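Undergrad: Here is a sequence with its predicted model. Questions after.
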Amino acid sequence: MTDINKPAADVFDAAHTRRSIRAYKPDAVPLETLREIVALGRHAPSGSNIQPWRVHVLTGAALQRVGGAIQRAFLSDEPGHQRDYEYYTDPVVEPYLARRRACGWGLYGTLGIGRGDHEKSKAYRATNYTFFGAPAGLIFTIDRELEKGSWLDYGMFLQTLMLAARARGLHTCAEASIASYPDIVRRELGLDDAWVVICGMALGFADADAVVNTFQPPRIALDDYAVFVD
């Protein structure tokens, strides 16, 4: 049986084994390991070396406080919350809509949540806000004055951290859902409106026995997105 938490052998193995893990073991990640992973992110490339990233690494009481505050707002349908930016187009067009639906329906199907079961769906979605029980949660922000180029750079920073986690036998799940409650994040972290909340990220050791972690959405084929020009 494959050890889901086995450290990646190289960058190819890290990329192949990186996936969104949505259930974690309670085992704490050593602080030195967290620092090592986040420190590697500073080697990500950025236009003109702007280095636009700002990350808050939450563990222990801080993680419970921030995650709990967001989860309570979600479960109570607290009004007045709005994202700093739109993650998806409205409407989502094809072929992207079909891919999004396959991911959502596949995940809920794995969990035995049927279409239209809003009660179970909401209960599951609430686990997003406590970082799926991971022992570490990261929240990423960016200066509101920066432009799209720096957001592209930020994606490379996030991927660097996710691959670094796999190299140390850890898993992650990037969470756009955290950005649905930016005012709570800023309040709990003592940030002003100059900082846009991009996303969160769960980080820890995957729970190999959790059925949710068996789900992997399909990937499009190489020839569907790559053109090799000689």
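TA: Everything's here; your move.

Undergrad: Point to the residue nearest the middle of this protein.
TA: Ala174 (0.9 Å; C-alpha atoms, centre = their mean).

Undergrad: Spit out the contact partners of it.
TA: Ser20, Leu158, Met162, Cys199, Gly200, Met201 (C-beta atoms under 8 Å, 6 or more residues apart in numbering). C-beta: built from backbone N, CA, C; applies to glycine.

Undergrad: Please confirm that the fifth one is located within a strand.
TA: Pointing back at Gly200 there. Yes: under DSSP: H, G, I helix; E, B strand; the rest coil, Gly200 sits within a strand.

Undergrad: all helices of the protein, in order?
TA: Remark: helices assigned in the chain by DSSP state H are 11-17, 31-40, 60-75, 96-110, 118-125, 148-167, 182-189, 222-225.

Undergrad: would you list these in a markdown table and tack on mean neighbour count?
TA: Listed next are the helices of the chain as a markdown table, based on neighbours: other C-beta atoms under 10 Å:
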| stretch | mean neighbour count |
| --- | --- |
| helix 11-17 | 14 |
| helix 31-40 | 15 |
| helix 60-75 | 16 |
| helix 96-110 | 13 |
| helix 118-125 | 12 |
| helix 148-167 | 18 |
| helix 182-189 | 18 |
| helix 222-225 | 8 |
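
Undergrad: mind checking which of these is nearest Val212?
TA: Each of these has some distance to Val212 by C-beta to C-beta; the shortest is helix 96-110, at 6.2 Å.

Undergrad: How about residues contacting the closest one?
TA: By C-beta under 8 Å, 6+ apart, the residues outside helix 96-110 that reach it are 88-89, 91-92, 114-115, 121, 124, 211-212, 214-215, 217-218, 220.

Undergrad: and with 10 Å instead?
TA: When contacts are defined by C-beta atoms under 10 Å, 6 or more residues apart in numbering, helix 96-110 is touched by residues 20, 22, 88-89, 91-92, 113-115, 117, 120-121, 124, 211-220.

Undergrad: These, buried ones only, as a ChimeraX selection?
TA: Buried subset of the contacts of helix 96-110, written as a ChimeraX selection, criterion 16 or more other C-beta atoms under 10 Å:
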select :20,22,113,121,124,212,213,215
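
Undergrad: these two touch, right, Asp193 and Arg186?
TA: Yes: with contact defined as C-beta atoms under 10 Å, Asp193 reaches Arg186; the gap is 7.1 Å.

Undergrad: Now do the contacts for Arg144.
TA: Asp84, Tyr85, Asp192, Asp193, Ala194, Trp195, Val196.

Undergrad: do that again at 8 Å, thanks
TA: Arg144 neighbours (C-beta under 8 Å, 6+ apart): Asp84, Asp193, Ala194, Trp195, Val196.

Undergrad: who wins for neighbours among those residues?
TA: The member of the contacts of Arg144 that has the most neighbours, counting by other C-beta atoms under 10 Å, is Val196 with 21 neighbours.

Undergrad: Test of understanding: give the bridge partners of it.
TA: Judged by DSSP bridges, the bridge partners of Val196 are Ile142.

Undergrad: Check what pLDDT it gets.
TA: Predicted confidence (pLDDT) for Val196: 98.

Undergrad: how far away is it from Ile142?
TA: Distance, Val196 to Ile142, by C-beta to C-beta, to the nearest Å: 5 Å.

Undergrad: what's the neighbour count on Gly52?
TA: Slight slip there: residue 52 is Pro, not Gly. The burial count assigned to Pro52 is 20, neighbours taken as other C-beta under 10 Å.

Undergrad: mind listing what the closest residue to it other than its chain neighbours touches?
TA: Spatial nearest neighbour of Pro52, excluding adjacent residues (C-beta to C-beta, 6 or more residues apart in numbering): Ser150 at 3.9 Å. Residues in contact with Ser150 (C-beta under 8 Å, 6+ apart) are Ser46, Gly47, Ile50, Pro52, Ile142, Asp143.
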